[in-house]
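Student: 3D model of this:
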Amino acid sequence: MASRQQVQSLTEETICPICLDFFADPVMLECDHNFCRSCITQCWEKKEINSCPECREEFPEINLRINRALANLAEKARQIKLNPKEKESKLHCEKHQEELKLFCETDKKLICLICRDSREHRDHRFLPFDEAVEIYKDQLKSSFDSLTEKKSAVLETEQKQKLKISEVREQSSSLQTHITSEFTKMHQILTEKEQRLLRDLREEEERILEPMEKKLREIQENLNSIEEKLSKLQKQMEQKDELIFLKEEACWERRISDEDHKLSVSAAVLSIGKYKDLLQYRAWKEMLNFINPGKSLYINFSDCKSSCEETKLAPRVPD
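Tutor: Got it, this is the predicted structure:
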C-alpha cells in the first residue's frame, strides 16, 4: 500500500494549476506545462493573447497536445483518494501507525497515544480530537465574526470616502464651468472694446484723410498742368519762325500770369491718446461696470492705486 507521502506526491503531480482538481482530459502546451482542456480553453477565451498561466510564454497559434499518460496517472490518483482504506489511513500516525486521537496544543498538531508519551511531547498540553475541533471552530467563528464586522465598517468608510471624492470632483467640474463662463464674459467685453476702438480709429482715419487726399489730388492736377505747359514752352523755345514765336510768346506770358496761385498742404493728426495712452487701464475701468462680486469676494485695489500713481492718475473705485 502506498505511503502517505507517496500519495501526496502523486496527488500534487496530477492536480491542474487552474481548477486545483485532478486533471480531466489533460493537454500539454509547447512549454511542456499541463492543464485541463476546458480550463485552458476558458482561460484563453478571456485574453487577447494566448499565454501559459504558469510561465507566461505566449503562443501565436493554439497547439494543444493530448497527454494520455498524465490522464491515466490522474485517474489512478483519483481512485487512491477515493479508496476508503487510504482515506482511513490519513487518520493514523505516520510514525507509529496508530489512530490519531489527541491534539497537541503546544505543537498545534494531531498525535497518537504513543506520541503523547514520547520525549518529544513531554510536558505538552493535549486535547481530545473532537474537543479540539470544537474549540478551534469556535475560535475561527469568533475571528470570522470579528472580521465580518471590520469588513462592514471598512465598506462603510469606503463608501464615505468615495462620496467625498465624488463631491470634490463635482465641485471641481462646477468651478471649471464657472471659470470658463466668467472668462468668456470678460473676453467678450474686451473683444467688443477692441472692435469699438478699431472702428472709431477707422472712421477717424477716413474723416482726416478725406480732405488730405482731396488736397493731394488738387496738387497732382496742378503738377500735371505745369508739366503740360513746360512741354509746350519747350516746343515754343525751339520755334524757328520769329514772327510766330513772338505772337505765341505774348499769349503764354499772359496765361501763365493769370493762372499763377500758391498751393497749401492740408495737415491733421489722429487722436493718439485715445488709442494708445493707458489703453489697458481704460479697458479695465470699463470692465468694472460689468463685475458682479460675490459675498465672499475681496477686491484689493492697492496694485491699481500704485499703477495709477505712477501715471499721475487717481483710481476710481466703482460704487
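Student: which residues of the chain fall in helices?
Tutor: Applying DSSP state H to the chain gives helices spanning 4-13, 37-45, 68-82, 84-89, 113-116, 129-237, 242-259, 272-275, 279-287, 302-310.
Student: with distance to residue 19, mean neighbour count and mean pLDDT added, can I get the ones you listed in JSON lines?
Tutor: C-beta here means a position set from N, CA and C on the backbone, and glycine is covered the same way. Converted to JSON lines, the helices of the chain look like this (distance: least, Cβ to Cβ, whole Å; neighbours: other Cβ atoms under 10 Å; pLDDT from 0 to 100):
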{"stretch": "helix 4-13", "distance to residue 19": "14", "mean neighbour count": "13", "mean pLDDT": "67"}
{"stretch": "helix 37-45", "distance to residue 19": "5", "mean neighbour count": "15", "mean pLDDT": "87"}
{"stretch": "helix 68-82", "distance to residue 19": "12", "mean neighbour count": "15", "mean pLDDT": "82"}
{"stretch": "helix 84-89", "distance to residue 19": "22", "mean neighbour count": "11", "mean pLDDT": "47"}
{"stretch": "helix 113-116", "distance to residue 19": "36", "mean neighbour count": "16", "mean pLDDT": "75"}
{"stretch": "helix 129-237", "distance to residue 19": "26", "mean neighbour count": "11", "mean pLDDT": "90"}
{"stretch": "helix 242-259", "distance to residue 19": "119", "mean neighbour count": "11", "mean pLDDT": "63"}
{"stretch": "helix 272-275", "distance to residue 19": "83", "mean neighbour count": "11", "mean pLDDT": "82"}
{"stretch": "helix 279-287", "distance to residue 19": "72", "mean neighbour count": "13", "mean pLDDT": "80"}
{"stretch": "helix 302-310", "distance to residue 19": "73", "mean neighbour count": "12", "mean pLDDT": "49"}
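Student: quick one: residue 29 and residue 240, what's the gap?
Tutor: 122 Å (Cβ to Cβ, to the nearest Å).
Student: please say which of those two ends up with more neighbours.
Tutor: residue 29 (21 against 6; other Cβ atoms under 10 Å).
Student: would you confirm that that one contacts residue 64?
Tutor: Yes: assessed by Cβ atoms under 8 Å, residue 29 is found in contact with residue 64 at 7.1 Å.
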